[in-house]
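Chemist: could you work out the structure for the sequence below:
(one chain, ligands or ions: 1)
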Amino acid sequence: MEQSFSLQGKVALVTGAGRGLGQGMTLGLAEAGADIIGVGYAPMPETQEKVEALGRRFFAIEADLSKEDAVATVVSKALTYVDKIDILVNNAGIIRRNEAENFSDEDWNDVIDVNLHAVFKMCREVGKHMLENGSGKIINIASMLSFQGGLRVPSYTASKHAVAGLTKSFANEWSGRGINVNAIAPGYMVTDNTAQLRANEERNAYITSRIPQGEWGTPEDLKGPIVFLSSDASRYVNGHILYVDGGWMSS
Ligand code: NAP
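Modeler: Alright, predicted model coming up:
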């Protein structure tokens, strides 16, 4: 069983590896044996130090994934560091909040560019490379708002519904060709992304009261799920969206 979950000798490319859920998943992958290519706006010294302390290699690629040609540059740069990318985690994402009637074009476009366009292109470009190798694991980071409407976050909700659809679409085409394409849908997790929500006492209390486990999740809570979906243990799992939500979707 240990062998099934091992990522020894594998390389994982993780977007948004510098903090939050991306950092938590990166450390889980490294703990299971993977070397890491981390993608972020800026250097990711804290993540790099922690990965290297585990005895794994860490290559940082600085890129703004909202830019038109960023994905092609990231993938070609990654392949100068390593021969093979075994695991792709599309984690980088942003959120903008405003009432639907006041939601600006800018807040629509900025979110769709990072959360959807970049995810599609990363799947396509890294997927091509994985198809050549005949194997690979792609894990997209979805959300509870891949299934629910949310409040004051229309571009985020639209992007995350689309990420769920993209995951199934790519899984249908590639599952017979050695590639697993799945998603993780985190529930309410303690990161910078949710700082505004947690600062609102009333909303925070309401959300917490609706989580059956009675507490928000943390980046560490994604370590097990990401290792499972990145390893041989999930060989026959494809097109699945795994809730990691303390039971939120059942409540
Ligand atoms: P976070 O703490 O705000 O981190 C977001 C990460 O994405 C950062 O590492 C950031 O890089 C990177 N990023 C954002 N825009 C980028 C761009 N244009 N180019 C390159 N990198 C970019 O967010 P998080 O909570 O960890 O969220 C991670 C993912 O989980 C997102 O897709 C989010 O939608 C999803 N999610 C989060 C929750 C939650 O409760 N927190 C729930 C469901 C889903 P820098 O560090 O360089 O800025």
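
Chemist: which SS state does the residue in the stretch 51-200 of the chain positioned nearest to the ligand fall under?
Modeler: Closest residue of the stretch 51-200 of the chain to the ligand, Cβ to the nearest ligand atom: Gly93 (2.3 Å). C-beta: built from backbone N, CA, C; applies to glycine. Three-state call for Gly93 (DSSP: H, G, I helix; E, B strand; the rest coil): coil.

Chemist: got the confidence number for the closest residue to Met189 other than its chain neighbours?
Modeler: Spatially, and ignoring its direct neighbours in sequence, Met189 is nearest to Gly217 (4.4 Å; Cβ to Cβ, 6 or more residues apart in numbering). Looking at Gly217, its pLDDT stands at 98.

Chemist: shouldn't Gly217 be in contact with Gly247?
Modeler: No - taking contacts as Cβ atoms under 8 Å, Gly217 lies outside contact range of Gly247: 10.7 Å.

Chemist: okay, these two: which has more neighbours?
Modeler: More crowded of Gly217 and Gly247, by other Cβ atoms under 10 Å: Gly217, with 21 against 13.

Chemist: give me phi/psi at the more buried one?
Modeler: When read as degrees, to the nearest 10, the backbone of Gly217 gives phi -80, psi 170.

Chemist: and what of Ser6?
Modeler: When quoted as degrees, to the nearest 10, the phi and psi of Ser6 stand at phi -70, psi 140.

Chemist: which residues sit in contact with it?
Modeler: By Cβ atoms under 8 Å, 6 or more residues apart in numbering, Ser6 lies in contact with 32-33, 231.

Chemist: repeat the analysis, applying 6 Å as the threshold.
Modeler: Gly33 (Cβ atoms under 6 Å, 6 or more residues apart in numbering).

Chemist: how near is it to the ligand?
Modeler: Computed as Cβ to the nearest ligand atom, to the nearest Å, the Ser6 to the ligand distance reads 25 Å.

Chemist: for Ala32, see how far away that residue is.
Modeler: To Ala32, Ser6 is 6 Å away according to Cβ to Cβ, to the nearest Å.

Chemist: kindly report the same for Arg152.
Modeler: Arg152 is 37 Å from Ala32, by Cβ to Cβ.

Chemist: and those two? which has more neighbours close in?
Modeler: More crowded of Arg152 and Ala32, by other Cβ under 10 Å: Ala32, with 22 against 14.

Chemist: ok, the residue lying closest to the more buried one once chain neighbours are set aside - contacts?
Modeler: Nearest non-adjacent residue to Ala32, counting by Cβ to Cβ, 6+ apart: Leu7, 4.1 Å away. By Cβ under 6 Å, 6+ apart, Leu7 lies in contact with 32-34, 231.

Chemist: show me where the stretch 101-250 of the chain has helices.
Modeler: Under the criterion DSSP state H, counting those that start in this stretch, the stretch 101-250 of the chain carries helices at the ranges 105-112, 118-133, 154-174, 195-199, 201-210, 223-230.

Chemist: need the residues of this protein near the ligand, please.
Modeler: Contact residues (Cβ under 6 Å from any ligand atom) of the chain with the ligand: 15-16, 18-22, 40-42, 63-66, 91-94, 114, 141, 143, 186, 188-189, 191-194.

Chemist: make it 5 Å
Modeler: Remark: the part of the chain in contact with the ligand comprises 16, 18-22, 40-42, 64-66, 91-94, 114, 141, 143, 186, 189, 191-194, using Cβ under 5 Å from any ligand atom.

Chemist: just the buried residues of those residues.
Modeler: Among the residues of the chain next to the ligand, those classed as buried by 16 or more other Cβ atoms under 10 Å are 16, 18-22, 40, 65-66, 91-94, 114, 141, 143, 186, 189, 191, 193-194.

Chemist: Ala42 and Val75, how far apart?
Modeler: For Ala42 relative to Val75 (Cβ to Cβ), the value is 19 Å.

Chemist: let me fix that: Thr194
Modeler: From Thr194 to Val75 the distance is 30 Å (Cβ to Cβ).
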